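K.L.:
no sequence on this one, just coordinates:
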């Protein structure tokens with residue numbers, strides 16, 4: 001078992017893709033696939049379910065992924081400590097425009113391990129002064145032309161309703177929801193735009209009865225049966241016990257969330273936190 005094998009597996013598990021791992025490491029996708037196959041052979045078990053050029057992490061893979069998150073983070077932390085020649089005391093300035101709850105949890109987890117670290121975090125969809133920030137968390141876009149990026153999440157979006165909703169347990173098409181009320185985060189949010197585009201392709205404009213940037217508020221409206229909401233489905237995502245996903249067969253929408261950063265500022269504290277995000281998310 002080699003470190004590179006584990007790196008290939010971990011990166012592929014994060015992205016659910018051998019091709020993206022190959023792109024990151026500048027090697028053929030066949031090399032990544034073969035390396036993971038050798039790892040599986042050494043372990044005597046499969047880590048991915050494979051079908052039609054698609055890979056899906058299975059239970060074995062998830063267990064190994066969770067362990068490697070800790071291992072790689074501790075390894076990178078040790079390497080950083082050994083190679084650091086000076087102490088970086090900069091405050092990390094972050095603009096968070098996507099997955100605010102998850103990123104908040106990550107900052108808290110990092111601060112628990114590194115209480116001396118300081119963050120200035122802004123949650124704002126309309127902020128345009130990007131140069132002020134070391135790290136920007138947003139959906140994948142071409143607007144940050146001078147920034148490097150790390151893919152943090154590649155998530156499937158799902159429509160969800162209260163568990164007692166009459167549409168539960170039915171196979172549906174998006175068009176069949178044309179007369180239903182919808183709940184969304186707000187027009188500046190990427191998830192909102194993706195939902196609008198999907199509905200437009202299905203031939204209707206959704207009727208939004210609630211538009212709010214307050215995620216807890218939106219969840220409560222969905223739980224109360226006020227309308228159909230939109231949420232992310234990814235490993236570790238928590239959905240309320242009073243909410244369930246609708247089975248909408250033609251709603252196949254994904255969202256990619258990235259950490260954008262300036263190469264010249266990605267050292268010391270900023271680099272360390274970026275490595276933490278890569279290993280934990």
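P.N.:
Noted; the coordinates are in hand. Note that the coordinates shown come from a computational prediction; the quantities given were computed from them, not determined experimentally. Residues are numbered from 1 along each chain as shown.

K.L.:
so residue 73, which of the three states?
P.N.:
Following DSSP: H, G, I helix; E, B strand; the rest coil, the label given to residue 73 is helix.

K.L.:
and it, how many neighbours?
P.N.:
Number of residues near residue 73 (other CB atoms under 10 Å) recorded here: 17. Every residue, glycine included, has its C-beta placed from N, CA and C.

K.L.:
Just give the nearest non-adjacent residue to it, would you?
P.N.:
Excluding its sequence neighbours, the residue lying closest to residue 73 (CB to CB, 6 or more residues apart in numbering) is residue 279, at 3.8 Å.

K.L.:
One more: residue 258?
P.N.:
Counting by CB to CB, 6+ apart, residue 258 lies nearest to residue 149, which is 4.4 Å off, once chain neighbours are set aside.

K.L.:
same question for the helix or strand hosting that neighbour, mean pLDDT?
P.N.:
Residue 149 belongs to strand 148-162 when assigned by DSSP states H and E. Average pLDDT, strand 148-162: 90.

K.L.:
what's the straight distance from one end of stretch 25-34 to the other?
P.N.:
14 Å (CA to CA, to the nearest Å).

K.L.:
Could you give me the buried positions within that stretch?
P.N.:
Neighbour counts over stretch 25-34 (16 or more other CB atoms under 10 Å) mark 32, 33 as buried.

K.L.:
Give me the residues contacting it.
P.N.:
7, 8, 11, 12, 18, 19, 21, 22 (CB atoms under 8 Å, 6 or more residues apart in numbering).

K.L.:
For the stretch 51-200 of the chain, give me the ranges with low pLDDT.
P.N.:
79-87 (pLDDT under 70).

K.L.:
now the helices for it?
P.N.:
59-83, 100-113, 190-202 (DSSP state H, counting those that start in this stretch).

K.L.:
Quick one: distance of the longest one to the chain centre.
P.N.:
For helix 59-83, the gap between its own C-alpha mean and the chain's C-alpha mean amounts to 18 Å (CA atoms, centre = their mean, to the nearest Å).

K.L.:
ok, now the last one?
P.N.:
For helix 190-202, the separation from the chain centroid amounts to 19 Å (computed by CA atoms, centre = their mean).

K.L.:
picking that back up, tally of neighbours for the residue nearest to residue 73?
P.N.:
Using other CB under 10 Å, residue 279 has 19 neighbouring residues.
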